[in-house]
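A.B. asks: quick check, what structure comes out for this input:
(one chain, ligands or ions: 2)
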Amino acid sequence: MAAVDENAAALGVPRKQLMESSGHAVARAVRDVAEPGSSVTLVAGRGNNGGDAFVAVRFLEAYETTTLLLGRAETIGTEIARENWEALERADYDVREVADSRTFELPEADVIVDAILGTGISGDLREPAATAARAIDDADATVVAVDVPSGFDADDGDHADNGVEADRVVTFHDTKPGLEELDADVTVADIGIPAAAERFVGPGDVDLARPIDREGRPYVIGGGPYTGAPALAAQSALRAGAELTFVAAPETVTGEIQGYSEDLIVQPYGSEVLTPEHVDDLVDTAEQYDNVVVLGPGLGTAEETLEAVRQFLESYTGRAVVDADALVVVPDVDTDATLVCTPNRTELERMGGPEADSLPDVAAEIESLAAELDHVVLAKGADDVVTDGDRTHVSRSGTVGMKVGGTGDTLAGIVAALMEGAEPLDAAAAAAHVNGLAGERLAENGGHGYLATDLLEEIPAVLWGERDD
Ligand SMILES: NC(=O)C1=CN([C@@H]2O[C@H](COP(=O)(O)OP(=O)(O)OC[C@H]3O[C@@H](n4cnc5c(N)ncnc54)[C@H](O)[C@@H]3O)[C@@H](O)[C@H]2O)[C@@H](O)CC1
Ligand SMILES: [K+]
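C.D. replies: Ligands and ions are numbered 1, 2, ... in the order given. Have a look, this model is predicted:
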């Protein structure tokens with residue numbers, strides 16, 4: 001929800017506008033349960049959940065409202081909630097600050113609006129929220145909860161023992177996991193979030209997947225006929241936050257791969273291309289260290305190599321990004337591994353996917369392919385389609401200069417690095433966006449003549465640099 005919200009802001013629909021819609025929806029729910037002239041007490045916390053209640057007050061002119069803020073106004077946590085509080089103060093509504101939970105008294109009311117805590121909660125209710133929740137539960141009033149009953153954790157569906165028991169819940173945009181199981185009447189209010197905020201990958205998705213630590217050790221299994229591809233994938237993983245990257249490659253090319261970069265750890269195996277005899281060792285290593293594997297860059301299409309890829313996927317049970325020549329094997333293999341497949345348009349077709357000039361036009365077919373494969377598919381084109389067979393995103397970042405060779409390898413490395421901390425679909429969506437934004441940065445300064453190696457240096461700035469939000 002936070003990601004969608006931030007994407008909406010980037011599309012020009014700021015959170016304050018959404019709060020106005022949320023507050024209006026809360027007021028509508030109050031009108032549904034009580035006649036005009038009834039008394040309504042709104043109990044608000046200092047976050048945006050409280051902000052929704054401040055907005056609702058302005059839509060409840062026909063009622064006797066009293067608004068209690070749990071805490072002092074100067075400690076309201078967000079600017080938009082504070083602005084809405086100040087609007088109430090200036091306009092002479094009955095608003096009261098509760099500075100001390102020991103003196104908390106809940107005015108008699110027909111309806112109580114619970115806006116103490118929303119999705120920003122962690123753990124059981126602390127004071128003064130706990131006292132307020134107890135008073136709400138003891139009161140003989142219809143309780144309307146804003147977004148979730150306070151105490152409910154929308155991430156895992158747990159409800160704190162000392163949380164509010166609501167009669168009605170007005171939740172926003174989409175239902176939250178676990179909400180339906182509560183003994184309350186739940187309605188989902190449309191608050192005007194554009195569908196594009198969910199459809200198109202945006203800054204909110206990058207936020208979701210942004211590594212907060214330096215961790216992860218992607219393991220690139222690639223190289224043989226080509227050497228640049230595995231080196232690019234490994235280097236881009238480092239640029240996207242990985243702590244170390246390993247490249248397992250035929251001994252005939254490890255010197256060359258190492259020669260591109262002193263930052264890589266290169267592990268040779270004894271043949272000219274990947275063959276089945278190396279598979280057990282590679283699987284053991286990857287599983288022992290719980291690496292995210294990048295399987296494919298530069299491996300080539302020798303029959304024995306594709307057989308090795310098949311055997312690898314059959315026995316591997318960890319996480320992997322499958323790219324390039326390795327992709328063709330995926331549809332025929334039975335694997336317990338968690339895969340993100342990153343085909344370009346030709347590889348997509350070879351995997352049984354649709355043929356298309358524009359991937360978003362065939363997003364539904366790509367979604368079906370992902371569902372059938374039971375893996376995440378990140379289909380690469382001018383616009384990328386990223387889907388797990390259930391949810392589907394389109395990444396519109398990038399410029400025509402990205403058609404240069406090697407940008408798919410940098411993408412695979414970024415996906416692997418982000419998968420260390422994020423769910424595969426989230427990692428894939430964010431990686432597609434980041435790779436494209438790195439290209440956009442280069443295009444700003446030098447047209448379309450940049451190289452995949454140039455992308456590497458832009459990745460950190462795109463992931464962690466100054467942002468507009
Ligand atoms: N798209 C969105 O995300 C929108 C969200 N809106 C509202 O914003 C809410 C989320 O707002 P916030 O992120 O500001 O979070 P909350 O309003 O849920 O409150 C967060 C505050 O509660 C405190 N807190 C956390 N756990 C606590 C505990 N166990 N006991 C006592 N205090 C605790 C934190 O210190 C923090 O200050 C949503 O539930 C919804 O009501 C709407 O305004 C509009 C759109
Ligand atoms: K609430």
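
A.B. asks: start and end of stretch 112-128, how far apart?
C.D. replies: End-to-end distance for stretch 112-128: 17 Å, by CA to CA, to the nearest Å.

A.B. asks: identify the residue nearest Ala29 in space, chain neighbours excluded?
C.D. replies: Spatial nearest neighbour of Ala29, excluding adjacent residues (CB to CB, 6 or more residues apart in numbering): Val170 at 4.5 Å. Where you see a C-beta, it was placed from the backbone N, CA and C, and this is true even at glycine.

A.B. asks: beyond the helix or strand in which that neighbour is found, next helix or strand please.
C.D. replies: Using DSSP states H and E, Val170 maps to strand 168-172. Using DSSP H and E, the helix or strand that follows strand 168-172 towards the C-terminus is strand 185-189.

A.B. asks: can you pull the buried residues of that following strand?
C.D. replies: Val186, Ala189 (16 or more other CB atoms under 10 Å).

A.B. asks: the inter-axis angle of that strand versus strand 168-172?
C.D. replies: 20 degrees (axes from the mean of the first three to the mean of the last three CA atoms, to 10 degrees).

A.B. asks: Ala109 against Leu42, yeah?
C.D. replies: No. Assessed by CB atoms under 8 Å, Ala109 is found out of contact with Leu42, at 9.1 Å.

A.B. asks: which of these two has more neighbours?
C.D. replies: Ranked by neighbour count (other CB atoms under 10 Å), Ala109 and Leu42 place Leu42 first, with 29 against 23.

A.B. asks: sheet partners, orientation included, of the helix or strand hosting that one?
C.D. replies: Element membership of Leu42 [criterion: DSSP H and E] is strand 39-44. Strand pairing for strand 39-44, using DSSP bridges, gives strand 64-70 (parallel), strand 111-115 (parallel).

A.B. asks: relative to the strand holding Val170, what are the paired strands and their orientations?
C.D. replies: As assigned by DSSP bridges, strand 168-172 forms pairs with strand 142-146 (parallel), strand 185-189 (parallel).

A.B. asks: how about the ones you listed in a markdown table, adding mean pLDDT?
C.D. replies: Converted to a markdown table, the strands paired with strand 168-172 look like this (pLDDT from 0 to 100):
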| stretch | mean pLDDT |
| --- | --- |
| strand 142-146 | 98 |
| strand 185-189 | 97 |
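
A.B. asks: output those in CSV; the columns should cover distance to ligand 1.
C.D. replies: Formatted as CSV, these follow (distance: least, CB to the nearest ligand atom, whole Å):
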stretch, distance to ligand 1
strand 142-146, 5
strand 185-189, 10
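
A.B. asks: pretty sure Ala25 sits in a strand.
C.D. replies: No. Assessed with DSSP: H, G, I helix; E, B strand; the rest coil, Ala25 is helix; it does not lie in a strand.

A.B. asks: what's the closest non-adjacent residue to it?
C.D. replies: Using CB to CB, 6+ apart, the closest residue to Ala25 is Ala189 (3.5 Å).

A.B. asks: and the one you found, how far from Ser22?
C.D. replies: Using CB to CB, to the nearest Å, Ala189 is found at 7 Å from Ser22.

A.B. asks: still on that earlier bit, closest to ligand 1 out of the strands paired with strand 39-44?
C.D. replies: Counting by CB to the nearest ligand atom, ligand 1 lies closest to strand 111-115 out of those; the figure is 7.2 Å.

A.B. asks: who's in contact with the closest one?
C.D. replies: Here strand 111-115 makes contact (CB atoms under 8 Å, 6 or more residues apart in numbering) with 26, 30, 33-34, 38-45, 49-50, 52-53, 56, 63, 106, 133, 136, 139, 141-146, 149-150, 164, 166.

A.B. asks: out of these, who's near ligand 2?
C.D. replies: Applying CB under 5 Å from the ion to the contacts of strand 111-115, one finds that Asn49, Ala145, Val146, Ser150 fall near ligand 2.
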